[in-house]
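>>> Need coordinates for the below:
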Amino acid sequence: MSYSSSAQLSLPPPIIIGWRVSTKISLSSEIFLGFSVAGVVVRWWLGLPAWSFGFSVEVDSVVAWRSGLLAWRSGLVAWRSGLVAWRSGLVALRSGLVAIGVGGFAIWVGGLAIDLGWWLGDRGWWLGDLRGWWLGDLG
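Prediction:
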């Protein structure tokens, strides 16, 4: 079929091959790396480094994603450790407050014992005299 501008012949639809439009299929120079073996080989050789680069980028992105996941998990573990440390600090604070309370109570009991000792010491002469007088009367 040939291309003609007369109205009696119908034109075939244009075929897009590569970046050129052609009205006929042939292996001539009209086809821009179309279906020729050289075009397929060139595209394959150009696609191989692109595929390799894409695969490398994909592997790197997977490794980066896994590293991010591990960092997130490490952060979670650190947060939980911080929470445990905070709770331990809270328990230590409560224990310290209890120890201060117990120490204050011990100081109060010691002061009471000192006061009782002073009181009994002051009364000792009276008890000694009373005991001596009472024992003296018996003997």
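>>> three-state assignment of residue 76?
helix (DSSP: H, G, I helix; E, B strand; the rest coil).
>>> That one - how many residues pack around it?
Look at residue 76: counted by other CB atoms under 10 Å, it has 10 neighbours. C-beta coordinates here come from the backbone N, C-alpha and C atoms, glycine included.
>>> check contacts around it.
With contacts defined as CB atoms under 8 Å, 6 or more residues apart in numbering, residue 76 has no neighbours.
>>> For it, give its distance to residue 70.
Using CB to CB, to the nearest Å, one gets 11 Å for the distance from residue 76 to residue 70.
>>> swap in residue 101?
46 Å.
>>> cool, residue 119 as well?
On the measure of CB to CB, residue 119 and residue 70 end up 72 Å apart.
>>> Likewise for residue 113?
On the measure of CB to CB, residue 113 and residue 70 end up 63 Å apart.
>>> Next: residue 61.
15 Å.
>>> Going by residue numbers, what spans are strands in the protein?
15-17, 20-22 (DSSP state E).
>>> for this protein, what spans make up the helices?
37-138 (DSSP state H).
>>> low-confidence ranges in it?
Applying pLDDT under 70 to the chain flags residues 1-40, 122-139.
>>> ok, 80 please
1-48, 55, 119-139 (pLDDT under 80).
>>> and residue 82, how many residues sit next to it?
A count of neighbours around residue 82, defined by other CB under 10 Å, yields 10.
>>> Okay, it and residue 75: tell me how far apart.
Going from residue 82 to residue 75 by CB to CB gives 10 Å.
>>> Could you do residue 60 as well?
With CB to CB as the criterion, residue 60 and residue 75 are 22 Å apart.
>>> Residue 102 now?
Relative to residue 75, and taking CB to CB, residue 102 is found at 40 Å.
>>> Next: residue 50.
The gap separating residue 50 from residue 75 is 37 Å, by CB to CB.
>>> Ok, residue 94 next?
29 Å.
>>> do residue 87 as well
According to CB to CB, residue 87 and residue 75 sit 19 Å apart.
>>> What of residue 42?
Residue 42 is 49 Å from residue 75, where distance means CB to CB.
>>> How about residue 63?
Distance of residue 63 to residue 75, computed by CB to CB: 19 Å.
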